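**Q** What follows is a predicted structure for the sequence shown.
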Amino acid sequence: QVQLVESGGGLVQAGGSLRLSCAVSGRTFSSYAMGWFRQAPGKEREAVAGTSWSAGSVYYADSVKGRFTISGDPAKNTVYLRMNSLKPEDTAVYYCTAGPKGSKYNYWGQGTQVTVSS
């Protein structure tokens, strides 16, 4: 069983940066496709970034391209989402997710709140 625990959310001013962490237990994260989703109040959950860890397999939503970066640290079995140049519209609960490569995400973390003030 895979467990995902997010951390690193908080309140930041527009233009600032945050790094979200997703601690993975139960499996090595690189054996799964990993992703980050977010859900703002009154809106549907949307994909932000994802990767299956092979060359050319990274996805970013158009709204975050050039500002967000997904990465992983094998020594800590942790996946990160680095978020730069944050905007108020980035305010949401951010979720880490994992799943078999080439299939649907089927493991989700509890979420971490990111609030960007203008």
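**A** That came in fine, so what should we check first? Residues are numbered from 1 along each chain as shown.

**Q** Assign a three-state SS to the most centrally placed residue in the chain, would you?
**A** For the chain, Trp36 is the residue whose C-alpha lies nearest the centre (Cα atoms, centre = their mean; 2.8 Å). State at Trp36, reduced to three classes by DSSP: H, G, I helix; E, B strand; the rest coil: strand.

**Q** show me what contacts it?
**A** For Trp36, the contacting residues are 20, 22, 47-50, 68, 70, 81, 94-97, by Cβ atoms under 8 Å, 6 or more residues apart in numbering. Yep, even glycine has a C-beta here, placed from its N, CA and C like the rest.

**Q** residue ranges for the strands of this structure, please.
**A** Using DSSP state E, the strands of the chain run over 3-7, 10-13, 18-25, 33-39, 46-51, 59-60, 68-73, 78-83, 92-99, 107-108, 112-117.

**Q** For those, give me CSV that also has mean pLDDT.
**A** CSV is the format used below for those (pLDDT from 0 to 100):
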stretch, mean pLDDT
strand 3-7, 97
strand 10-13, 98
strand 18-25, 98
strand 33-39, 97
strand 46-51, 97
strand 59-60, 97
strand 68-73, 97
strand 78-83, 98
strand 92-99, 97
strand 107-108, 96
strand 112-117, 98
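
**Q** ok so, going back, any idea how far the residue nearest to the centre of the chain is from Ala61?
**A** As defined by Cβ to Cβ, to the nearest Å, Trp36 lies at a distance of 10 Å from Ala61.

**Q** ok, now Ile70?
**A** As judged by Cβ to Cβ, Ile70 and Ala61 stand 11 Å apart.

**Q** Okay then, goodbye and thanks.
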